[in-house]
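Student: Here is a sequence together with a model predicted from it:
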Amino acid sequence: MPEPTVAESQNSVEVVPKSYLVAFVLTTFCFALWGFANDITNPLVEAFGRIFNQSNFASSFVQFAFYGGYCFMALPAALFIKKFSYKTGLLVGLALYALGGLAFIPAASVGEFMPFLIAFFVMTCGLSFLETSANPYILSMGPASTATQRLNLAQSFNPLGSIVGILTAKYAILSNINALDGPERAKLPVEQFDAMKFSDLAIVRGPYVAIGLVIVTMFVLILVKKMPHNQDSDTSLDIVGTLRRLFANSRYVGGVIAQAFYVGAQIMCWTFTAQYGKAVYMAEGLSAGEAAASASSFTLYSMVLFAVARFVCTFLLKYVQPGALLLVLATGAMGLLVPVMLVGGQTGLWALVGVSGCMSLMFPTIYGIALDRVGDDAKLGAAGLVMAIAGGSIMPPLQGYLIDTWSLNLSFVLPLVCFGVIAIYGLFTAKAKAPLEISAA
């Protein structure tokens, strides 16, 4: 990654040099593709709870399998990319993503919960390859002085894919599966329960098979396109030396911790927005099915706000230090969670939507700060940041347990704590006078 001169002004440097434009566009499209996967899946926690008549805790293992795949495959992906190239990493990621989507065909035929968890796991092993490849690849596509801004620009297209995923979940899945909730289904005769279950699982299957075919097309496009070989010349695997340099970098270590808490907070907020909204509307007198349909719109509102705020925050990064903006937004998210927990109703529901605006900047900014000036160590360093996504696999079941045993509203104390950790990281990096540079020696 080229180093900027002292006199180099960020405003005068191209964010994406023209020589990288086509590669940037193709790689950025991958951001939208994994955004689709993330947010078509979030509403399925509630849907699988209905289909299989199981608890919030059991259903939240959708997220455990989904984000567990990220953690499991991140380090192997990083070592693979270090040995080969970013392009090869993208191709392997797309292949596994497509395989996971197509695995919904046999999963729906079996009619059990576990095959879906396996399909999600395979899919996210592919997403782990994609994120481990695409994020540092985007950082390398131009001057280091605009790397965080460039990554925020690419990540701005992630919520566009997420919006498509939410709309697909709402109109292709949730609106078409039977409106009976789990306890009502449990009262049905076994034959009727199974017939309803297989019918609903066939509906769930369709969009995942379709995205699998789209991914195959994307695989072919990247396969035939000649991509730049930024930082691909060194294929040696000095794992011990790389880890020593990364662990000596306090920004990197703090970034991994902050990223784990961020992903956990994001997935908890988005996963349980549907349950929160459903509870609000049922308290207003709607049936379970009507309340779930009304609440699903708030997931879409959250993502639209997230997408708009991402573009706004990318612009603000031209003028505001990344750590300072991270601190302000994390503090804002904590403030919005107070009425979510203590006020409830429509006020709490809209406050929960507002949290998404605060989250918009966090993932790519933490990523960019953590990998600032680490050079080719970014390939292995990216694995730690992707493994941090394991926070998204551990925390939703914890919140699901709190919902089952304590209180839906007060369970949002978990994301509040997560945002507190992010605020501390923002404060730490905002106080730094200059980017931290780690010697390659």
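Tutor: Now that the structure is in, tell me what you want to look at.

Student: From here on, just use CA atoms for contacts and neighbour counts.
Tutor: OK.

Student: which regions of the stretch 251-400 of the chain sit below the pLDDT cut-off?
Tutor: 375-376, 379, 391-393 (pLDDT under 70).

Student: in it, which spans are helices?
Tutor: In the stretch 251-400 of the chain, the helices defined using DSSP state H, counting those that start in this stretch lie at 273-283, 288-316, 322-342, 345-359, 362-370, 378-387, 391-405.

Student: And those helices: which comes nearest residue 177?
Tutor: helix 288-316 (10.1 Å; Cα to Cα).

Student: which other helices and strands contact the closest one?
Tutor: helix 147-155, helix 158-168, helix 273-283, helix 345-359 (3 or more Cα pairs under 8 Å, 6 or more residues apart in numbering; DSSP states H and E).

Student: Looking at these, which one is packed in the most?
Tutor: helix 147-155 (a mean of 25; mean count of other Cα atoms under 10 Å).

Student: what angle sits between that one and helix 158-168?
Tutor: When axes from the mean of the first three to the mean of the last three Cα atoms, to 10 degrees is applied, the directions of helix 147-155 and helix 158-168 differ by 20 degrees.

Student: and the residue nearest to residue 168 when sequence neighbours are not counted, how far is that from residue 253?
Tutor: Leaving aside its sequence neighbours, residue 168 sits nearest to residue 40 (Cα to Cα, 6 or more residues apart in numbering; 6.6 Å). Per Cα to Cα, to the nearest Å, residue 40 is found 31 Å from residue 253.

Student: what about those two, which has more around it?
Tutor: Between residue 40 and residue 253, counted using other Cα atoms under 10 Å, the more crowded position is residue 40 (23 against 17).

Student: Surely that one and residue 171 touch.
Tutor: No: here residue 40 lies out of contact with residue 171, judged by Cα atoms under 8 Å, at a distance of 10.8 Å.

Student: Among the helices of the stretch 251-400 of the chain, which comes closest to residue 84?
Tutor: Nearest to residue 84 among the helices of the stretch 251-400 of the chain is helix 378-387 (10.9 Å), distances taken as Cα to Cα.

Student: name the helices or strands packed onto the closest one?
Tutor: Using 3+ Cα pairs under 8 Å, 6+ apart: helix 378-387 touches helix 61-83, helix 113-140, helix 250-271.

Student: Other residues contacting that helix?
Tutor: Contacting residues not belonging to helix 378-387 are listed as 70-72, 74-75, 77-79, 81-82, 128, 131-133, 135-136, 242, 246, 252, 255-256, 259-260, 367, 371 [Cα atoms under 8 Å, 6 or more residues apart in numbering].

Student: Kindly format the C-alpha coordinates of the helix or strand containing residue 97 as CSV.
Tutor: If you go by DSSP states H and E, residue 97 is part of helix 86-102. Extracted in CSV, the C-alpha atoms of helix 86-102 (Å, rounded to 0.1, in the frame of the first residue of the first chain):
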residue,chain,number,x,y,z
TYR,A,86,-6.8,-11.7,-2.9
LYS,A,87,-8.5,-12.7,-6.2
THR,A,88,-8.2,-16.4,-5.4
GLY,A,89,-9.7,-15.7,-1.9
LEU,A,90,-12.7,-13.9,-3.5
LEU,A,91,-13.3,-16.9,-5.8
VAL,A,92,-13.1,-19.5,-3.0
GLY,A,93,-15.5,-17.3,-0.9
LEU,A,94,-18.0,-17.0,-3.8
ALA,A,95,-17.9,-20.8,-4.4
LEU,A,96,-18.6,-21.6,-0.7
TYR,A,97,-21.4,-18.9,-0.6
ALA,A,98,-23.1,-20.5,-3.6
LEU,A,99,-22.7,-24.0,-2.2
GLY,A,100,-24.3,-22.9,1.1
GLY,A,101,-27.3,-21.3,-0.7
LEU,A,102,-27.9,-24.3,-2.9
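
Student: Mind listing residues that contact the helix or strand following that helix?
Tutor: Per DSSP H and E, the first helix or strand lying C-terminal to helix 86-102 is helix 104-110. Helix 104-110 is contacted from outside by 115-116, 119, 198, 201-202, 205, 208-209, using Cα under 8 Å, 6+ apart.

Student: Quick one: closest of the helices and strands packed on helix 378-387 to residue 219.
Tutor: helix 113-140 (11.5 Å).

Student: my guess is residue 163 contacts residue 300, does it?
Tutor: Yes: using Cα under 8 Å, residue 163 is in contact with residue 300, at 6.5 Å.

Student: still on that earlier bit, pLDDT of the helix or strand hosting the residue nearest to residue 168, averaged?
Tutor: For residue 40, the element it lies in under DSSP H and E is helix 21-41. For helix 21-41, mean pLDDT is 87.
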